[in-house]
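**Q** take this sequence and fold it.
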Amino acid sequence: MFSTITAAPAKQSVSETIAVLSGRLSSATLLEDRRAAILGLRSFSKQYPASVASGALRSLIGSLSKDGEDVDTVKVVMETLLMLFNPNKDSPEASEEIALWLADEFTQRQENITLLLDFLETNDFYSRLYSLQLLSAILSARTGRTEECILTAPMGIPRLVAILDDRREAVRDEAITLITELTPASIDIQKLVAFEKGFERVFGIITDEGGLVEGARVVEDCLILLANLLRLNSSNQSMFREMGFIAGLGRLLKSAYQVPEDGQEIAQWAEAQRNRNIYALLAVIRLFLVSGAVGTPQNQLAFLNDRVLENTLQLAFAHNFELPIKSEALITCADMIRGNARLQETFAGLKVPSPLDSPTVGQGPQANGVPIIFVIDGLLDLILAVNAPQAFDMRMAACTCLKAYFFNHKEIRQHFLSRAIAGHKAKADELTNVLTTLLYPLPEALVADPYRFWFASVLMLHLVHESPATKALAMGVTEGDEANGEEVVTSIQTIAAHLLSSVAKSEDPRIIIGYLMLLLCWLFEDLDAVNDFLGEFTNLQGLIQAAVENPNGDVIVQGLSAMLAGVIYEFSTKDSPVPRATVREMIMTRMGRDRYVDKLSRLRSYPLMRDHEVLAQRLDSGLEEKLPDVFLDDTFVNFFKDNYSRILRAIDREPGLEISVVTNGVQKGISRELVDSLRAQVEEKERALQDIDVVKASLTSQLGQEQADHRRTKDTSAAELARANAVAESLRTQLSVKERALHEAEGKIASLTRQLGQEQAELQRAKTEISRLRSVNDGLQRNQEQELAAVRVEHRSKKDELRKQVDSVRRAAELDAERARRRSEAEKADLKATISRLEVDLMKANKARSTIEAKVSELEAKIKASAESLGDVEKRLKASEDGAREVNTQLEKKEEERKAAQDELDDLLIVFSDLEEKVTKYKDRLKSLGEAVSDGEDDEDGDDNEEDEEEE
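**A** Prediction:
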């Protein structure tokens, strides 16, 4: 027995505890009990999320609705739900499916999402913060459905955007995160956020946080949100532009590159965040500059007018920024001017700090102690004069900027090339002159900086690509004076010589590829350039040798060399320095068709060519001392892929079939066999013309006869035409009358249409007012019904209580009357004993009477209170006639019941008076029999009679 008493109680398992707590939460009626159950569930949420969610998820969500006014309970419930979304990683029940399950429970019912949005209107810190975090967790699990629920919820998006004005940073930052997650893909949500002053609020936060320089992570988040609102959304971009926020972007950029007045250096962590902020801002700017978009030209002009282009350039050439920031700024500038003639022409007139000079104190135009130069010179300095390996991305961005400057603008290309030719001939700026770099490469520079010649080749490629005018201009550059007996060497022959020399010396493949890309774009569809190249017979031999016997075996070099040989054959002629048939024979003999096709096919499938669009054309951050794997230009890759099939099949075309090319309106190149066949066709046509003359004579006589017949037919037709004109005139008169009537009818229709529109507007307003009144009336009816139901319940309870009391009084009175009747029938011998009992009964009746009177007064007070409450209800329900009539009916019923109760009380008083008369008679009989009756007994008899009457 003692062992049973001392034994420890059985431990309750986790699942049993969770089940008990879940049941308590769902069944508890007191707020404290529900809160205690929620606290218990919260302690298990991190480690046992599946058990808690399966047993209590709906109860937890229901508690948010039921106990929403209690801040502490709401806080605990939301903490529990957040723990369910983010359980411990080592939990045995942790699974990604739990988050999906929870999100489904919220999103399958619209009111659950609306409930969370309702908590955003409270001022409680935790209610707002946890609601935003819950919405973020639900959105991450079920993105599409959550977006739909928030979008359709009443004032869903406006309430979220309004949280951006919250001065508490945690709440505001969570709202920024949630809106950012909501806006990447939904155009409707993007428009709604922008319509709710989203742009203005975002710029306000950025300004409050200190802009790009002093702003923390929240500034970057704001810029990411701004990017989501603007990405591929032309209406939001138009709103942003028209509301003047483009100027705000310019001010932010200007504040970023300006040197602080106190000269204080920025902390390393602050500088890293500043760079991230600037990256984000430049990404936002580039969203306005999508190539081919409808609003891009307007956005480009806005960036020019609001000085965004100028400030971006200043940022790119500022000396106090890291190279990645400056590279991104230059790429942004390229997007701003590409394809816009006005901006391209304005761009050349802008001035920037020199990238090659350090801050000094001197004379001349300066910015922060740095000399000022034109932006084109600055870009050339970056591309051709900077040779640091880590500056490759900067050079690539500057090259992209210059390519955008040349894009689709013939005059700018010709002007730039003319300036380069003039500088080359004057031997000025040899370091940054494109032509000088290509035609006079320095041996030491070939080894130290191979990308200098690659960039020069790419720039020259963009100058001559698909531009016969610049090709002719570049071909005019020669070396040597023929008058003095010197050999004249053209620019194409010079570049070809450098190409073959680089192949022979096995120099860096980037130099060779640069020359090959330039020559391919230059010689393509240019017969004069091809003839110029073939002017030196060894050029073709060396080119074929580079394609076949390249010692390095580079796939790109071999493929481009084979393609250049194919281009030369495709556009050579019978009159070329090396005849077309000879070119084909050399290719077929030295290389062969199969090898030619193999070289081009391998180049086409080579990863750097095949995947060029998806490969990053930049320096690998982990290998700053190694040259990047950038070999091909974007424009050239497109050129290669577009013309690959044509050049591949060129080798199969017979030498007698020359290609006809139209250059500057002049057709060049034609097949000799085609000319002979055309002459034979002309002779045959002449013989056919002689036969036609014979036929013409016979036809002339027939023509005379036909003309006479025609004159007769003409006269007849004239008479018929006159009659037809008369009929037409009468029809015109009738038509004019009908047109006037039609105009009058149209006027009447227009006036009736306007009247109809006004009546429809009035009808719409009436419908709106009816809907509003109907909703108000429905609300009043619901309130009346609720109050009337409460009155009915209270009246029913009081009526039942009163009926019970009256029944008890009636039964008591009937019993007392029965006892009095039995006592009056007793014999005279027992009369004294009966009087004694009557005295006792009278005492009890007196006590009961006082009790009854107290109860009656209490009932009258209750009836009075009920009447007063009914009067208050009557006042509140005066607005509704039906309700008032029902209340009056209830009051009348109450009054009738009160009167009935009063009548019953009157009957009881009559009974009591009868009992008193009987007692008086008994006393008189006793006195007549000689019995003594004291005055006290009289009083007691009277009291007893009163008590009997009250009991009755």
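**Q** next SSE after the lowest-mean-pLDDT helix or strand in the chain?
**A** Lowest by mean pLDDT, DSSP states H and E among the helices and strands of the chain is helix 2-6, with a mean of 43. Using DSSP states H and E, the helix or strand that follows helix 2-6 in sequence is helix 14-27.
**Q** buried residues of that following helix, list them for me.
**A** Neighbour counts using 16 or more other C-beta atoms under 10 Å place 17-19, 21-22, 24-26 of helix 14-27 among the buried residues. (Each C-beta comes from the backbone N, C-alpha and C, glycine too.)
**Q** pLDDT averaged over that helix - what is it?
**A** Averaged across helix 14-27, the pLDDT comes to 79.
**Q** show me what the longest helix along the chain is packed up against.
**A** Counting residues, the longest helix found in the chain (DSSP state H) is helix 672-824. Applying 3 or more C-beta pairs under 8 Å, 6 or more residues apart in numbering; DSSP states H and E, one finds that helix 672-824 makes contact with helix 831-876, helix 881-928, helix 935-951.
**Q** mean pLDDT lowest where, among those helices?
**A** helix 935-951 (a mean of 46).
**Q** what lines up beside the longest strand seen in the chain in the sheet?
**A** Counting residues, the longest strand found in the chain (DSSP state E) is strand 370-374. Sheet pairing of strand 370-374 (DSSP bridges) gives strand 351-353 (antiparallel), strand 366-367 (antiparallel).
**Q** weakest of the ones you listed in terms of mean pLDDT?
**A** Of all the strands paired with strand 370-374, strand 366-367 has the smallest average pLDDT, which comes to a mean of 53.
**Q** residues in contact with whichever strand or helix holds residue 533?
**A** In the assignment (DSSP H and E), residue 533 maps to helix 527-534. With C-beta atoms under 8 Å, 6 or more residues apart in numbering as the test, helix 527-534 has contacts from 471-472, 475, 490, 492-493, 496, 519, 522-523, 539-540, 567-568, 571-573, 576-578, 583, 661, 663, 668-669.
**Q** next: stretch 60-74.
**A** 25, 31, 34-35, 38, 41, 77-78, 80-81, 105-106, 112, 115-116, 118-119, 122, 124, 126-127.
**Q** ends of that stretch, what's the gap?
**A** 10 Å (C-alpha to C-alpha, to the nearest Å).
**Q** who are the contact partners of the residue nearest the centre of the chain?
**A** For the chain, the residue nearest the mean C-alpha position is residue 183 (2.6 Å; C-alpha atoms, centre = their mean). Residue 183 makes contact with 189-190, 193, 225, 228-229, according to C-beta under 8 Å, 6+ apart.
**Q** and the furthest pair within these?
**A** Greatest spatial distance in the contacts of residue 183: 189 and 225, 11.7 Å, computed using C-beta to C-beta.
**Q** which of those two has more residues huddled nearby?
**A** residue 225 (28 against 22; other C-beta atoms under 10 Å).
**Q** where's the more buried one, which helix or strand?
**A** Element membership for residue 225, per DSSP H and E: helix 217-230.
**Q** next SSE after that helix?
**A** Heading C-terminal from helix 217-230 (DSSP H and E), you reach helix 234-242.
**Q** could you list every helix and strand in contact with that next one?
**A** Counting by 3+ C-beta pairs under 8 Å, 6+ apart, helix 234-242 packs on helix 187-195, helix 217-230, helix 296-305.
**Q** select, out of these, the one closest to residue 843.
**A** helix 187-195 (86.5 Å).
**Q** how far off helix 217-230 does the closest one point, in degrees?
**A** 120 degrees (axes from the mean of the first three to the mean of the last three C-alpha atoms, to 10 degrees).
**Q** just the buried residues of helix 187-195, please?
**A** Of the residues in helix 187-195, 189-194 count as buried by neighbour count, 16+ other C-beta under 10 Å.
**Q** one step back: can you tell me which of the contacts of residue 183 is closest to residue 594?
**A** Nearest member of those to residue 594, counting by C-beta to C-beta, is residue 228, at 54.0 Å.
**Q** phi, psi of the nearest residue to that closest one once chain neighbours are set aside?
**A** Nearest residue to residue 228, sequence neighbours excluded (C-beta to C-beta, 6 or more residues apart in numbering): residue 183, at 4.0 Å. Torsion angles at residue 183 (phi, psi; degrees, to the nearest 10) stand at phi -100, psi 0.
**Q** residues in contact with residue 146?
**A** 103, 106-107, 113, 135, 138-139.
**Q** hang on, residue 88 in a helix?
**A** No - assigned with DSSP: H, G, I helix; E, B strand; the rest coil, residue 88 falls outside any helix and is coil.
**Q** and the nearest residue to it once chain neighbours are set aside, how many residues sit next to it?
**A** In this structure, residue 88 finds its nearest non-sequential neighbour in residue 46, 4.9 Å apart by C-beta to C-beta, 6+ apart. Neighbour count for residue 46, taken as other C-beta under 10 Å: 17.
**Q** now the one 10 residues further on
**A** Residue crowding around residue 56 was assessed by other C-beta under 10 Å; the count is 28.
**Q** and for residue 790?
**A** So residue 790, with other C-beta under 10 Å, has 12 neighbours.
**Q** please report how far it lies from residue 609.
**A** Per C-beta to C-beta, to the nearest Å, residue 790 is found 85 Å from residue 609.
**Q** do residue 902 as well
**A** Distance from residue 902 to residue 609, counting by C-beta to C-beta: 111 Å.
**Q** which of these two has more neighbours?
**A** Between residue 902 and residue 609, counted using other C-beta under 10 Å, the more crowded position is residue 609 (22 against 13).
**Q** ok, back up a step: what is the helix holding residue 225 packed up against?
**A** Contacts defined by 3+ C-beta pairs under 8 Å, 6+ apart place helix 217-230 against helix 169-182, helix 187-195, helix 198-208, helix 234-242, helix 268-287.
**Q** residue contacts, residue 648?
**A** Going by C-beta under 8 Å, 6+ apart, the list of residues near residue 648 reads 566, 597, 600-601.
**Q** I'd like those as TSV, with neighbour count appended.
**A** Listed next are these as TSV, based on neighbours: other C-beta atoms under 10 Å:
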residue	neighbour count
566	26
597	17
600	23
601	13
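**Q** those residues in helices, which ones?
**A** Filtering the contacts of residue 648 for helices - DSSP H - leaves 566, 597, 600-601.
**Q** before we move on, back to that, dump the helices and strands packed on helix 217-230 to JSON lines, plus mean pLDDT and distance to residue 249.
**A** Formatted as JSON lines, these follow (pLDDT from 0 to 100; distance: least, C-beta to C-beta, whole Å):
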{"stretch": "helix 169-182", "mean pLDDT": "95", "distance to residue 249": "19"}
{"stretch": "helix 187-195", "mean pLDDT": "94", "distance to residue 249": "16"}
{"stretch": "helix 198-208", "mean pLDDT": "94", "distance to residue 249": "9"}
{"stretch": "helix 234-242", "mean pLDDT": "94", "distance to residue 249": "9"}
{"stretch": "helix 268-287", "mean pLDDT": "91", "distance to residue 249": "6"}
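**Q** would a markdown table of those helices with distance to residue 163 be doable?
**A** What follows is those, written out as a markdown table (distance: least, C-beta to C-beta, whole Å):
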| stretch | distance to residue 163 |
| --- | --- |
| helix 169-182 | 4 |
| helix 187-195 | 12 |
| helix 198-208 | 10 |
| helix 234-242 | 20 |
| helix 268-287 | 21 |
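**Q** closest to residue 480 out of those helices?
**A** helix 268-287 (48.0 Å).
**Q** quick one: distance of the closest one to the chain centre.
**A** Computed by C-alpha atoms, centre = their mean, to the nearest Å, the chain-centroid distance of helix 268-287 equals 20 Å.
**Q** what is the nearest of the contacts of residue 648 to residue 510?
**A** residue 600 (20.7 Å).
**Q** does the closest one touch residue 560 like I think?
**A** No - Residue 600 lies out of contact with residue 560 (C-beta atoms under 8 Å); the separation is 9.4 Å.
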